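Novice: Coordinates for the following, if possible.
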Amino acid sequence: MLSVMSINMTRIALQILREEALSKECNRRQQVVGVLNEFYVATYLHLYQLWKTQQKTIVDSGFVLKEVELFARKNPKQMLRQLEVFLKERQTGGIVYGTSPDPQAQQSSPSLGERAARAGTEQGSKGKEMHFTGVCDLPPDLEGEASLI
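Specialist: Below is the predicted model:
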C-alpha cells in the first residue's frame, strides 16, 4: 500500500508544481528539485498525520488522498512549513502531530537532507529516527562504467 501512496504523493506534488503553486518558493530558494522533494515529503507527512490522528483504514484511502490533494493545492506554503516544524521538533526530541505554523520556518534554512542528517546525529538513540534524503542530496556514482539500463 505504501508504494501506491508514494505514486499518488508524486502525482500530487508534480501536479501542484505544474500549476505553479510552488513557483514562489522555487524562485526564493533558486531551486526546483529541492523544493519539489520537500513538498513530496510534506504531502506524505500530511497523509501520515491524517491517517494516524483520524484512525483511517485502507477503506478510507481514496477519501484521504482527495483530502491531502485539496489541502496541498490550497496550502502549499503551509505544508512546507509543517514539514519544517516537524523536523525541528524531531531535532529537539519531540514529535509533532499538529499543524501549528512556526515563524522561524519561513526563514532560509539548510536543505532537507542536511536537517535530517543533523536530526539523526543529535538524537542519538532516542528511539526510531526518520531520515529523508532528497535526490539532490545523494552523491553521484562516479565509479564504474556508464551504461544504459
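Novice: where's Met9 relative to Ala72, distance?
Specialist: 9 Å (C-beta to C-beta, to the nearest Å). C-betas here are computed from N, CA, C, even on glycine.
Novice: ditto for Tyr40
Specialist: With distances taken as C-beta to C-beta, Tyr40 is found 10 Å from Ala72.
Novice: Any stretches of this structure with poor pLDDT?
Specialist: Low-confidence segments of the chain, defined by pLDDT under 70, span residues 94-149.
Novice: Would you mind finding the longest helix in it?
Specialist: Longest helix in the chain by number of residues, with DSSP state H as the criterion: helix 33-53.
Novice: what's the overlap in contacts for Met9 and Ala72?
Specialist: Thr43 (C-beta atoms under 8 Å, 6 or more residues apart in numbering).
Novice: Now do the buried residues in the next helix or strand after the longest helix of the chain.
Specialist: Per DSSP states H and E, the first helix or strand lying C-terminal to helix 33-53 is helix 61-74. Applying a neighbour-count criterion of 16 or more other C-beta atoms under 10 Å, one finds Ser61, Val64, Leu65, Glu67, Val68, Glu69, Phe71, Ala72 buried in helix 61-74.
Novice: Which of those residues sits closest to Leu45?
Specialist: For those, the minimum distance to Leu45 (C-beta to C-beta) is 10.0 Å, reached by Val68.
Novice: contacting residues for that closest one?
Specialist: Remark: with contacts taken as C-beta under 8 Å, 6+ apart, Val68 is in contact with Met9, Ile12, Thr43, His46, Leu47, Leu50.
Novice: Also Leu22?
Specialist: Ile16, Val35, Leu36, Phe39, Pro76.
Novice: Is it possible to get TSV of these that adds neighbour count?
Specialist: Compiled in TSV, the contacts of Leu22 are given as follows (neighbours: other C-beta atoms under 10 Å):
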residue	neighbour count
Ile16	21
Val35	24
Leu36	21
Phe39	26
Pro76	23
